[in-house]
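1. what's the 3D shape of this:
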Amino acid sequence: IHTARKNVDITGIRTMVSGEGKGDDPEMQVKAAKQRWILIDRAMTSLLGDKIKRLSPDSNAYKLVK
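-> Okay, here's the model as predicted:
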């Protein structure tokens, strides 16, 4: 994805989002979910940069910084 700010690396997004090949193993599903959040986090911060801030390191909640 090309943005005005910089290029965002999205390789591997499709397999992560669809969860292909993860099977029914709950541990693998948790792992995949964590990876998805890391990916989303990376995309959010590279797109919005200093405009958003994570509420706490282990939460998926953000706030806009004015």
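2. ok, Lys63 touching Lys51?
-> No: counting by C-beta atoms under 8 Å, Lys63 does not reach Lys51; the two are 10.1 Å apart. Backbone N, C-alpha and C define where each C-beta goes, glycine included.
3. which of the two has more neighbours?
-> Regarding Lys63 and Lys51, a neighbour count based on other C-beta atoms under 10 Å identifies Lys51 as having more, with 12 against 9.
4. OK, contacts around the more buried one?
-> 64-65 (C-beta atoms under 8 Å, 6 or more residues apart in numbering).
5. quick one, strands of the chain?
-> 52-54, 62-64 (DSSP state E).
6. can you put the ones you listed in JSON lines and add mean pLDDT and distance to Ala43?
-> As requested, those are exported to JSON lines (pLDDT from 0 to 100; distance: least, C-beta to C-beta, whole Å):
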{"stretch": "strand 52-54", "mean pLDDT": "75", "distance to Ala43": "11"}
{"stretch": "strand 62-64", "mean pLDDT": "75", "distance to Ala43": "12"}
